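Novice: When you get a sec, could you give me coordinates for this:
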Amino acid sequence: MSGLKNRKRSAAASEGVSLVINDINTKFSRGLIYIAKHFGNCPNVEQAKITDIYDSSFTLEWSYQPQPAEDEAGEATTEIGSTQEPNPEVEKTSPEMVTEDMTFASRTPLRTSTEIYSYISQLAEESQLSLGASVDNSLNSLSRDARMVAFRMPPITNVVLTLFGLGLNYYIATNPVYSENNYVLSFFNTYIIGQKTAWFIHKIAVAVHVSEAVVAYLLCKFSKTFFPAEINDQDTIKWVLGTLFLGINCLIPLSKRVFRAFKAHATQ
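Specialist: The predicted structure follows:
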């Protein structure tokens, strides 16, 4: 493989790489053809596919039909260079497909699917612009969906219960002393929590959620610094706001995602 090191993969890692390869070959076949045409200097490529992905490289294989050799006058030539008149009685047959491959090495390791998608997408964009073709951005969407620290909304049940609990506690804490006509405040003040207790809980909740939002911001900045392909600015905003309002419902999933991303990128 041109001297490139191929790390031995576990069965799970090999299966993951196979899924990525199949995904790219299926959904981005046109982009792969443009890469082969441009970098392989082969304008008549008909098929192209990725055969394997390594730590910092991938192998692209393409097939094409070779053009018949012609002399300066445009006549087909034989192997010894003499011209030959076409025989109308002989039926023309298309030449067999020729297969070639090339290994593309990245300056940075390709440890996650996001990095793989992003690198191949950059090569395809360069190839399409060079060949004057319209840019196919389908791989960018795959890259966005595959980000390891991308924001994911918590379960809707957790969202509703958390917001309802915070809102109800705020309502009890900030309203004046209940009257006999306010059955909600009467019930909670009599049987569950009083107004002073609710106000204390409200202040604690605000302090905790703000602190959690700060931690979420620091985790996002850490991710942006060490593996920027796995998170973008929109993810950061969503994680911080989500943690501010929903607390651990967002902070715990964010922590797990950052840890998995760090583990994937720290593995050599």
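
Novice: Domains in this structure, by residue range?
Specialist: Following automatic domain parsing, the chain resolves into domains at 11-145, 156-266.

Novice: which stretch in those domains has the least confidence?
Specialist: The stretch with the lowest average pLDDT out of these is domain 11-145, scoring a mean of 75.

Novice: buried stuff in stretch 47-60?
Specialist: By 16 or more other Cβ atoms under 10 Å, the buried positions in stretch 47-60 come out as Ala48, Lys49, Ile50, Asp52, Ile53, Tyr54, Asp55, Ser56, Ser57, Phe58, Thr59, Leu60. To be clear about C-beta, it is placed using only N, CA and C from the backbone, and glycine gets the same treatment.

Novice: now it, how far from the chain's geometric center?
Specialist: Taking Cα atoms, centre = their mean, to the nearest Å, one finds stretch 47-60 lying 17 Å from the centre of the chain it belongs to.

Novice: Which parts of the stretch 51-200 of the chain are strands?
Specialist: In order along the chain, the stretch 51-200 of the chain carries the following strands (DSSP state E, counting those that start in this stretch): 57-64, 98-105.

Novice: Looking at these, spot the one closest to Thr243.
Specialist: Closest to Thr243 of the strands of the stretch 51-200 of the chain, according to Cβ to Cβ: strand 57-64, at 36.5 Å.

Novice: distance of Leu131 from Ile33?
Specialist: When distances are taken as Cβ to Cβ, to the nearest Å, Leu131 and Ile33 turn out to be 10 Å apart.

Novice: Likewise for Ile193?
Specialist: Separation of Ile193 from Ile33 (Cβ to Cβ) stands at 67 Å.

Novice: Pick out whichever of these two has more residues nearby.
Specialist: Ile33 (22 against 16; other Cβ atoms under 10 Å).
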